[in-house]
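Asker: Just the structure for this:
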Amino acid sequence: MSQRIAFLKGHGTENDFVIVPDPENVIDLPPAAVAALCDRRAGIGGDGLLHVVRSAAHPEARAMAGRAEWFMDYRNADGSIAEMCGNGVRVFAHYLQRAGHTTAGDLAVATRGGVKTVYIAGNGDITVGMGKALLPEAEVTVSVGERSWPARNVNMGNPHAVAFVDDLAHAGNLFTPPPFSPASVYPDGVNVEFVVERSPRHVAMRVHERGSGETRSCGTGACAVAVATARRDGADPALTGVPATYTVDVPGGTLVITEHPDGEIEMTGPAVIVAEGEIDPEWLATALR
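Answerer: Okay, the predicted model is just below:
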């Protein structure tokens, strides 16, 4: 990998990303390169990498090119591919606006979880249409040390297990994936959220993100938590016809999640670009040896 590569660094409620603009999809980003770039001590550092590609230029997104010009080719910090990242979509949209590819207002972004609708507000907040939650019936248990909890199985285009606990400290250090059972429910691993009550329609969470460890925020996780909390509270907008809105505190800030009667879920929060520069090709070549 000898070409010089531009990058930016951004975050959404401190869920941080390395951003690599590559409109024509000419940059080779093997898992080892992504992991090196996301390394917090030897690389740039991030919970994941946002590869910015035109949908028409990427084989996984060409079918969506008629609905969304841009594809968020998202990678976890270990280099593995992920279906979706809610905070990542906000940062991705903010980058597109900063780069002059879009303006405030409505935007469509292609992801492996489908085309997501985005609204960029004048005050900097970004709302993402996260699609609908699936609630598989499978019973799940998650554990940390000697403690175990029943967890709600929620799929937001990626899998989540949501456990309600008495204290967020019970989640432990979350460096490694919390064990879950039965293993067959999540054959490719799972994002695990631990949740406590703050007040009516207001919760706080910690999360272990599959492939990244504990992160300061997780957008799809916050949506999964809001849906799981609503069902625990007996609220189902599809039945009542009334939207359900929850405030979800994450270690890196606050997200507002609304589930509408048609099942569509919206997430609103900030996005920030903090730096931009150029990756040293010699460093990257050395990192890949």
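Asker: Next, work out how far apart residue 195 and residue 168 are.
Answerer: 8 Å (Cβ to Cβ, to the nearest Å). (Glycine included, C-beta is placed from N, CA and C.)
Asker: same thing with residue 204?
Answerer: 7 Å.
Asker: Now the common contact residues for the two.
Answerer: Common neighbours of residue 204 and residue 168, counting by Cβ atoms under 8 Å, 6 or more residues apart in numbering, are residue 196.
Asker: the more surrounded of those two?
Answerer: Neighbour count, other Cβ atoms under 10 Å: between residue 204 and residue 168, residue 204 has more, with 17 against 14.
Asker: Hmm, the more buried one is touching residue 194, no?
Answerer: No: Residue 204 lies out of contact with residue 194 (Cβ atoms under 8 Å); the separation is 9.4 Å.
Asker: which neighbours do those two share?
Answerer: Common neighbours of residue 204 and residue 194 (Cβ under 8 Å, 6+ apart) are residue 168.
Asker: list residues touching both of residue 195 and residue 168?
Answerer: What both residue 195 and residue 168 touch, as defined by Cβ under 8 Å, 6+ apart, is the set 204-205.
Asker: which element follows the helix or strand hosting residue 92 toward the C-terminus?
Answerer: Using DSSP states H and E, residue 92 falls within helix 86-98. Sequence-wise, the next helix or strand downstream of helix 86-98 (DSSP H and E) is strand 105-111.
Asker: what's the helix or strand of the chain with the lowest mean pLDDT packed up against?
Answerer: Using mean pLDDT, DSSP states H and E, the weakest-scoring helix or strand in the chain turns out to be helix 281-287, at a mean of 89. Helix 281-287 sits against helix 31-38, with contacts defined as 3 or more Cβ pairs under 8 Å, 6 or more residues apart in numbering; DSSP states H and E.
Asker: State the next helix or strand along the chain beyond the helix it packs on.
Answerer: Following helix 31-38 toward the C-terminus (DSSP H and E): strand 48-54.
Asker: hey, C-alpha coordinates of that next one in CSV?
Answerer: Extracted as CSV, the C-alpha positions of strand 48-54 are listed here (Å, rounded to 0.1, in the frame of the first residue of the first chain):
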residue,chain,number,x,y,z
GLY,A,48,-14.2,1.8,13.9
LEU,A,49,-13.5,3.0,10.4
LEU,A,50,-15.8,4.8,8.0
HIS,A,51,-14.8,4.1,4.4
VAL,A,52,-16.6,6.8,2.4
VAL,A,53,-17.4,5.4,-1.1
ARG,A,54,-19.9,6.2,-3.8
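Asker: which non-adjacent residue is nearest the residue nearest in space to the middle of the chain?
Answerer: Nearest residue to the geometric centre of the chain (Cα atoms, centre = their mean): residue 85, 2.4 Å. Of all residues not flanking residue 85 in the chain, residue 74 sits nearest, at 5.0 Å (Cβ to Cβ, 6 or more residues apart in numbering).
Asker: Where does the prediction get shaky in the stretch 51-200 of the chain?
Answerer: Within the stretch 51-200 of the chain, no stretch has pLDDT under 70.
Asker: all strands for it, in order.
Answerer: Remark: strands assigned in the stretch 51-200 of the chain by DSSP state E, counting those that start in this stretch are 70-76, 105-111, 114-120, 126-132, 140-144, 147-155, 159-164, 180-181, 191-199.
Asker: how about those strands in TSV, adding mean neighbour count?
Answerer: Putting those into TSV (neighbours: other Cβ atoms under 10 Å) gives the following:
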stretch	mean neighbour count
strand 70-76	25
strand 105-111	20
strand 114-120	19
strand 126-132	22
strand 140-144	19
strand 147-155	19
strand 159-164	25
strand 180-181	16
strand 191-199	21
